[in-house]
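Undergrad: here are the coordinates; sequence isn't available:
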């Protein structure tokens, strides 16, 4: 066996152990919250399972957005995080990951650090609302996970985000 | 064969050919001259006394021509203009035939397969107008190693004429990119400095970023998202082994080796805050260097190992700082327009390359005290500078507006000679190796 095939063999082994990044649900743009009701609106007319990953994504709202180079939670996103916290308290076995993402206007390493700040800001806000910190992991993808490719203010705003997604314990 | 590609410990046997007395006013090109005229140099195909070796003679000459042309300091003449097609090394050239085509330097070489299966390569560098030999060398190597011989000869010519070490017998580790912008596949890859012999080290099933060579170019430190845990890894090119560096509960990123290769500076994130640490690779002892509640990342050692440049937004925006290698005396050095980050200390110690963000992203250089800022490039997203081992050329990543792919470019620190680097598809995050030993 050449050294090179050994290398690829390792890579294959690693791939078999690989669980996460590609299975992270691709976030869908959520509409701004219409009301500050802390409970999830009923999923009338859909067959989304309550307490599922899709329930969080569609009915609760999984995404908050950030200003350029900032990581503070915007007032307009507090209702979304309130709904997330209420939902997490309703389904106590669920664990989540908060992904922090940036627009392209930052160097690669800086944006990894900035994404970590954003993910942590979401986590801390959820913890302040009573969710156990042990249920929330964070991960930064810097500028590596864009959802919009154009170099425009609108796209940049979409890409600067924190996305909460179910890791385990959800209904299916 | 791949074995040999991955291993740099190739046996080379070089000896110096008899040199004639150098002329008084020697042929010389100054690397940092303001507007140098590239030196016209003739590099005919290396002569092959045995017809079976002719292809090797042509290939070696072709690679040397391409190397010297890329440097921007030489202008290899079109072989079609040569009166002597393959002059060889056994007799002094007919200088008048080279003066006639305005060649100032001539590289004459010869290849010959030996009975033991090794390839013998001889070359002589001639000063055409001085009618004197400037250099003469001889190598024995395995025939499939001919590219390295060509690069080594290019380095010898570059050094003899400029007085600076060359950088052609080097490799680049980089991130190979493919797929649509929203589902980019990134793979760890290495290639020769001229883009030849690309090898993919990961398959693209997890994100990899920011690879860097150690000083022997046998080890790569990089960031991997394998198992959805972003951490710094080491990749040993000799054994093919990958290893997570340390066992941290949170993200580690932005690794860079110390000049002696015994330490890795990296960034550890905890609770949303990023700080710089140094890990001793022998003891695995971890030393914390920064503890500011701001972003501190992108560490780069000075070549003597006593200082570390890094970036921080502790002053309100991303800027470049320098500290002692023990974390002492942290002070800001960049005060120019916009944001400044990704400092990378020159192997010569005299300059720091960096990314400037003001409007677009630009690659610049500054003195190590922050003075003398010169912006060299003007791209949409130019970042991740890396130094040629002689400290005269930079490579960097260039992203495109609307995420339409990224590429690797090189530019002289004079700001001239910007060129796209040959890569297999899109590429980013280059890191230049030292000269291969």
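TA: Cool, got the structure. Values in this document were obtained by computation on a predicted structure and should not be read as measured data.
Undergrad: and whatever residue of the stretch 251-400 of chain B ends up closest to chain A, how many neighbours?
TA: Chain A sits closest to residue B:272 of the stretch 251-400 of chain B, with a gap of 2.8 Å, by Cβ to the nearest Cβ. The C-beta positions use only the backbone N, C-alpha and C, and glycine is treated the same way. Residue B:272 has 24 neighbouring residues, counting by other Cβ atoms under 10 Å in any protein chain shown.
Undergrad: Distance check, residue B:196 against residue B:433.
TA: The spacing between residue B:196 and residue B:433, counted by Cβ to Cβ, to the nearest Å, is 14 Å.
Undergrad: And for residue B:311?
TA: Using Cβ to Cβ, we find residue B:311 at a distance of 24 Å from residue B:433.
Undergrad: quick one, which of these two is more surrounded?
TA: residue B:311 (31 against 26).
Undergrad: three-state assignment of that one?
TA: Taken by DSSP: H, G, I helix; E, B strand; the rest coil, the conformation at residue B:311 corresponds to strand.
Undergrad: what helix or strand is the residue nearest to it when sequence neighbours are not counted on?
TA: Leaving out its chain neighbours, the residue that sits closest to residue B:311 by Cβ to Cβ, 6 or more residues apart in numbering or on different chains is residue B:341, at 4.0 Å. Using DSSP states H and E, residue B:341 maps to strand B:339-345.
Undergrad: partner strands of that strand, parallel or antiparallel?
TA: The partner list of strand B:339-345 in its sheet, established with DSSP bridges, is strand B:351-358 (antiparallel).
Undergrad: picking up where we left off before, surely the residue of the stretch 251-400 of chain B closest to chain A meets residue A:115?
TA: No: counting by Cβ atoms under 8 Å, no contact exists between residue B:272 and residue A:115, whose distance comes to 9.6 Å.
Undergrad: Which stretches in the chain count as helices?
TA: As the question left the chain open, I've gone with chain A. Across chain A, reading from the start of the chain, the helices by DSSP state H fall at A:3-17, A:53-54, A:78-90, A:108-128, A:153-159.
Undergrad: hmm, I had chain B in mind actually
TA: Listed in chain order (using DSSP H), the helices of chain B are B:2-6, B:54-71, B:95-99, B:146-162.
Undergrad: what packs against the longest one?
TA: Okay, so that is helix B:54-71. Based on contacts counted as 3 or more Cβ pairs under 8 Å, 6 or more residues apart in numbering or on different chains; DSSP states H and E, the elements that helix B:54-71 packs against are strand B:74-76, strand B:105-113, helix B:146-162.
Undergrad: Select, out of those, the one closest to residue B:58.
TA: Taking Cβ to Cβ as the measure, the helices and strands packed on helix B:54-71 were each checked against residue B:58, and strand B:105-113 came out nearest at 9.3 Å.
Undergrad: Report the inter-axis angle for the closest one versus helix B:54-71.
TA: Direction vectors for strand B:105-113 and helix B:54-71, defined by axes from the mean of the first three to the mean of the last three Cα atoms, to 10 degrees, enclose an angle of 150 degrees.
Undergrad: What is strand B:105-113 packed up against?
TA: Contacts defined by 3+ Cβ pairs under 8 Å, 6+ apart place strand B:105-113 against strand B:39-42, helix B:54-71, strand B:119-127, helix B:146-162.
Undergrad: Who is the residue nearest to residue B:311 paired with across the strands?
TA: Per DSSP bridges, residues listed as beta-bridge partners of residue B:341: residue B:355.
Undergrad: Could you break chain B into its assigned domains?
TA: The record's domain split for chain B, according to automatic domain parsing, is B:2-162, B:171-432.
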